[in-house]
Structure formats: structure tokens, C-alpha cells
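J.: Turn this into a model:
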Amino acid sequence: MRNFIQLIAKIILAILVLLVVLDWAYTAAYLQSHNRGKVDYVFNSGARNYDVVILGSSRANNHFVSQIFEEKGLKTFNYGMSGSHLFEASLMLKLMAERKYKIKNVILEADLGLSNEKRADGIAAKFLPYIHHSKIIREHFSDEKDFNKLYYIPFYRYVNFDALIGFRETYNTLTNVPTNYLEHLGYHPLGNKHENMKNDITALKPIRNKYYEEIKQICKENNYHLIAVMTPMCTNVKGLDYFEKANKIYPEIHNLENVVQGDQYFSSCGHLNDTGARMFTKIVIERFFRTNKINSNGK
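T.: Next up is the predicted model:
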């Protein structure tokens, strides 16, 4: 019996050591990466200077054409991430501030994301390889129900989010397999699919959002000029009064939901195609960076 217990103890110890070693190896791969995606592009960077940084979900990633800003003399990068929530946008901005980014203007897509304070696992997982190397990431996740598992159990986060940061992604990261996330200065153009041209957002209710409040505070503390906007949707949407309700909570958010009209400018009901995005970007520049000589402070 004693020998059996000793054997079990040795097996458990061996498994624990293996998990620690695997955790270290996977994390080491991510710590050397800087061009697989937007999270590592920020986390493993030094200070950068921008006239315009764009944050938000796919409705930022697909709607703001960075090159048009650049053509106006505004150094710009679109850090919008498809599928993300304000949870991830706030964390990205915290990391930029920690790395001493000098940012004149932050354009934040703040519309549908105001309806929840949940993390988006598909994007939030991209921060988890760095959780033991960043106080900011650790604190940002500290209120999550699974925080103790993510932080204290070796290799748990890589197993639990295997499809996102597991073996295949770690291998691709280690071998520098290229992606298109950083192309076009972060902007991702959409084609003319015209799919899902009906939408119903009546179930969404905007709230006084913790992470939007954090973004406002970060901008205030770092002297970033915040331009919060709501971006276009096609006309065939039920519940468009959502945007008016959001404005009642946050009057400072600019409602640009209806500035691009016509289904021909949309790839899906919630996303502009490349033609629509270029039209929308020019409207944003005209409205917030207007004057004969471009005012890079967005005022």
C-alpha cells in the first residue's frame, strides 16, 4: 500500500512538473512574438507615436480605413479586433499607456458593446499567455470567475483555450507563420457579400459600462483625446432606437449610425464593405479632423 501511494505521488509530481515545463515553453513562444496579431503587437512593443488609434470590435476593424487617415497626414493604426468587447478594448489601451504610447486621438467604436461587460473569449484568450508577466493583465482578469484556474493552475489556460492559444497557435507563433491581422495598418476590408441583411437588436440594452468608463479614465490620465462613436448599420434593422438609448446614458458618444445609407455599401447588416468603409472614414475625418490644415488633435 505504501509503495502504491508513493507511486501515485510520483506520478502526480511528474505531471505537475510537466505542466509547469509546458506552461513555461508555451509562454516563452508568445513572449518573443510581435507580429502574429494585434495583442502581441502591442504587448511586446516599446513606445509608439500615433495621431489616431482606433479601438473596438469588427465594427471598428472593418469600418475605419487607416490609409485614408495617413493620406491626410495622420499617423494611424486600427487596433479593432473582430469579436471583441469593451473588456478587451480597455485592456489594449491600458497596455498602450503602460508602454508609454503617445496618442493624440483615440477613436473608440462604442455602440453595441455598451450592452454588456463580458469578456469575449475568442479575443480575451490572446492576452492569457502574458498573465504571469503583466500586472495589468492579471488585475484586468482578477474579477473573472475562472481567474484562479487561469492564474494558478499551470498550463490550464492553454488547455482550456486550446483552439486559440494551444499547440497549433503556439507552434505558428514560434515559427513566425504570417497572418493578415496587421496588414493595411490594421484595417480589414470586407467585400460585397450582402449576407445577413436583416438584423434584430431589440434584445440589446445599453448600460453604464464599466469598461467604457475605464477607457475614458485612461484617456484622461494620459492626455489622449477620446472620440467615441457609433458606427453604421443597414436600414433593415429592428431596434435602431438602441442608439438613442445609448446616447441618453452617454450623450458624448457621437451617433454616426445613419451617416452611410444604402445596402450597396454593406457587406452584412452590421458591417460596411470596403466602399462603404471608405465613405464612412472620409465622413469621420471631415467631422472630427476638419479645417483647411488637418488638426491632428481631433478638435
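J.: ranges for the strands of the stretch 51-200 of the chain?
T.: Ranges of strands in the stretch 51-200 of the chain, per DSSP state E, counting those that start in this stretch, are 76-78, 102-109, 199-200.
J.: So what touches the shortest one?
T.: Right, strand 199-200. Identification of contacts with strand 199-200 by C-beta atoms under 8 Å, 6 or more residues apart in numbering yields Met233, Cys234, Asn236, Val237, Lys238, Gly239, Cys269, Gly270. The way it works is simple: take the backbone N, C-alpha and C, and place the C-beta from them, glycine included.
J.: which residues touch the second one?
T.: When the contact criterion is C-beta under 8 Å, 6+ apart, the partners of Cys234 are Met197, Asn199, Asp263, Phe266, Cys269, Gly270.
J.: State whether it is indeed within a helix.
T.: No. Counting by DSSP: H, G, I helix; E, B strand; the rest coil, Cys234 falls outside a helix, being coil.
J.: which one is Asn176 nearest to, not counting chain neighbours?
T.: Once flanking residues are discounted, Asn176 sits nearest to Asn35: 7.3 Å by C-beta to C-beta, 6 or more residues apart in numbering.
J.: again, but for Ile215
T.: Ser90 (5.2 Å).
J.: Remind me what the longest helix anywhere in the chain packs against, helices and strands.
T.: Secondary structure assigned by DSSP state H gives helix 2-31 as the longest helix of the chain. Judged by 3 or more C-beta pairs under 8 Å, 6 or more residues apart in numbering; DSSP states H and E, helix 2-31 is in contact with helix 156-160, helix 167-174.
J.: For Gly83, find the nearest of those.
T.: Nearest of the helices and strands packed on helix 2-31 to Gly83, taken as C-beta to C-beta: helix 167-174 at 15.4 Å.
J.: between that closest one and helix 2-31, how many degrees?
T.: 40 degrees (axes from the mean of the first three to the mean of the last three C-alpha atoms, to 10 degrees).
J.: tell me the average confidence for helix 167-174?
T.: For helix 167-174, mean pLDDT rounds to 96.
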